[in-house]
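Q: here are the coordinates; sequence isn't available:
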Ligand SMILES: [Zn+2]
Ligand SMILES: [Zn+2]
């Protein structure tokens with residue numbers, strides 16, 4: 001009856017998440033609110049960046065971004 005893998009709260013703000021607009025943090029593995037669709041009004045609790053070496057997209061939650069001094073919004 002319980003499915004702990006889904007409906008887990010955001011690791012940044014603690015609010016329940018839309019299963020579509022979430023991402024997993026590369027550093028702490030926490031799930032958080034994130035959307036790259038600017039037409040959808042979903043709050044972002046983290047950011048996404050492109051790795052210079054591997055050219056892979058990776059996600060950083062707001063907590064880790066702050067602790068790593070990556071403040072500011074994605075372009
Ligand atoms: Zn959140
Ligand atoms: Zn994190």
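A: Thanks, I have the structure now. Here the structure is a predicted model, which is why all the values come from computation and not from measurement. Residues are numbered from 1 along each chain as shown. Ligands and ions are numbered 1, 2, ... in the order given.
Q: who's in contact with stretch 53-61?
A: 11-12, 23-28, 30, 32, 34, 45-51, 68, 70 (Cβ atoms under 8 Å, 6 or more residues apart in numbering). Bear in mind the C-beta positions are built from the backbone N, C-alpha and C, glycine included.
Q: could you rerun that using 10 Å?
A: Applying Cβ atoms under 10 Å, 6 or more residues apart in numbering, the set of residues contacting stretch 53-61 from outside is 10-13, 22-34, 36, 45-51, 65-68, 70, 74.
Q: same thing with stretch 27-43?
A: By Cβ under 10 Å, 6+ apart, stretch 27-43 touches 5-6, 8-13, 15-25, 44-48, 57-65, 67-68, 74.
Q: run the contact check for stretch 43-57 versus ligand 1.
A: Yes: on the criterion Cβ under 5 Å from the ion, stretch 43-57 is in touch with ligand 1 at residue 45.
Q: how far out from the middle of the chain is that stretch?
A: How far stretch 43-57 lies from its chain's middle: 10 Å, per Cα atoms, centre = their mean, to the nearest Å.
Q: so which bits of the protein are right by ligand 2?
A: Checking the chain against ligand 2 by Cβ under 5 Å from the ion, the hits are 25, 27-28, 30, 61, 64.
Q: how does it look with 6 Å?
A: 25, 27-28, 30, 61, 63-64 (Cβ under 6 Å from the ion).
Q: list buried residues within those.
A: Burial by neighbour count, 16 or more other Cβ atoms under 10 Å: within the residues of the chain next to ligand 2 this picks out 25, 30, 61, 63-64.
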